[in-house]
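Participant: need a 3D model of the sequence below.
(chains A and B)
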2 protein chains.
Amino acid sequence: MYWYLIGTAAALLTTFGFVPQIIKMRRTKSSRDVSLATLFQFSAGVILWTLYGLHIEDVIIIAANVISFLILSMAIVFYYYYREK
Amino acid sequence: MYWYLIGTAAALLTTFGFVPQIIKMRRTKSSRDVSLATLFQFSAGVILWTLYGLHIEDVIIIAANVISFLILSMAIVFYYYYREK
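Facilitator: Predicted structure coming up:
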């Protein structure tokens, strides 16, 4: 149970790690200094982590990375929306 | 062996996910739009992931998150160095 909580906290922190970045882009209405390569690299990574999670049958890894992918997709949309015209 | 490669590729992509962001901060000499909260949230997350990896004895998760933490620390240093004066 203790380790389940550690894993869950870890998953929540990294899964929602780009939420503050999304909020900041919305607030400043700018994504100039944000790295699009970082967002795409993470997206590719979490897709592979999801596959690896399926293989080792770890539900925390699977769930965390699927949600991560959705948040990264949102960050990429915001990046393009707020990039310098 | 196949799954080992998937896990390794996943680990490499996310572990080094903030490298393009560091490169971009260096190039533009600005970290204005970068979210410091995202960097700190990821740092806390990878510390917990490392503990979880130790528990489930998964060497990929442990190694990936230790290196991730070092890269995030570097990104935080660059954030402060290049933030708007």
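Participant: can you list contacts of the longest helix along chain A?
Facilitator: Counting by DSSP state H, the longest helix found in chain A is helix A:59-82. With CB atoms under 8 Å, 6 or more residues apart in numbering or on different chains as the test, helix A:59-82 has contacts from A:7-8, A:11-12, A:14-19, A:21-22, A:25-26, A:28-31, A:34, A:36, A:39-40, A:42-43, A:46-47, A:49-50, A:52-54, B:52. Bear in mind the C-beta positions are built from the backbone N, C-alpha and C, glycine included.
Participant: what number of residues lie near the residue nearest to A:Phe16 when sequence neighbours are not counted?
Facilitator: Leaving out its chain neighbours, the residue that sits closest to A:Phe16 by CB to CB, 6 or more residues apart in numbering or on different chains is A:Ile71, at 6.6 Å. Residues within reach of A:Ile71, counting by other CB atoms under 10 Å in any protein chain shown, total 19.
Participant: same check, this time on the one 10 residues further on
Facilitator: Counted with other CB under 10 Å, residues neighbouring A:Tyr81 total 11.
Participant: mind checking the SS state of A:Asp33?
Facilitator: Look at A:Asp33: counting by DSSP: H, G, I helix; E, B strand; the rest coil, its state is coil.
Participant: which residues are in contact with it?
Facilitator: Applying CB under 8 Å, 6+ apart, we find A:Asp33 in contact with B:24-25, B:28, B:30-34.
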